[in-house]
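S.K.: Got a predicted structure here, sequence first:
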Amino acid sequence: MAALNREAGLPVSDGEAEGTDVWSILQPEEIEVSDESYYGDGRIFVALIFGSMLEPDFAPAIETADGSFVRVLHGT
């Protein structure tokens with residue numbers, strides 16, 4: 001998540017003392033859920049979508065399938 005924030009030009013660290021921790025500037029905003037047709041193999045898609053307190057147009061998400069991590073989605 002810190003890498004995505006850096007790519008978007010937002011100043012964060014990886015949680016070290018030198019900067020702002022990425023989780024201190026993101027807040028959960030939405031949960032998106034699909035039915036089993038999303039992947040086509042019966043798994044359920046769930047995305048945890050976050051809003052950035054530094055950039056309103058930046059909303060990264062964590063994608064899961066049946067509760068297992070899939071990837072972090074860019075929010076811009």
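M.R.: Structure's in. What do you need?
S.K.: Per-residue pLDDT of the most centrally placed residue in the chain, please?
M.R.: Nearest to the geometric centre of the chain sits residue 61, at 2.5 Å (CA atoms, centre = their mean). pLDDT recorded at residue 61 is 95.
S.K.: who does it bridge with?
M.R.: residue 49, residue 73 (DSSP bridges).
S.K.: show me the contacts for it.
M.R.: Contacts for residue 61 (CB atoms under 8 Å, 6 or more residues apart in numbering) come out as 32, 47, 48, 49, 50, 72, 73, 75. Where you see a C-beta, it was placed from the backbone N, CA and C, and this is true even at glycine.
S.K.: What segments of this structure are strands?
M.R.: 26-33, 45-52, 61-65, 68-73 (DSSP state E).
S.K.: From the chain's centroid, how far away is stretch 24-32?
M.R.: Averaging C-alpha positions (CA atoms, centre = their mean, to the nearest Å) puts stretch 24-32 8 Å from its chain's average.
S.K.: got a list of contacts for it?
M.R.: By CB under 8 Å, 6+ apart, stretch 24-32 touches 1, 5, 10, 12, 45-54, 59-61.
S.K.: So how do I select the buried members of those residues in PyMOL?
M.R.: Buried members of these, defined by 16 or more other CB atoms under 10 Å, are picked up in PyMOL with:
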select buried, resi 5+10+12+45+46+47+48+49+50+51+52+59+60+61
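S.K.: quick one, what contacts residue 71?
M.R.: Contacts for residue 71 (CB under 8 Å, 6+ apart) come out as residue 63.
S.K.: Can you measure across stretch 47-61, start residue to end residue?
M.R.: Using CA to CA, to the nearest Å, the span of stretch 47-61 from its first residue to its last is 6 Å.
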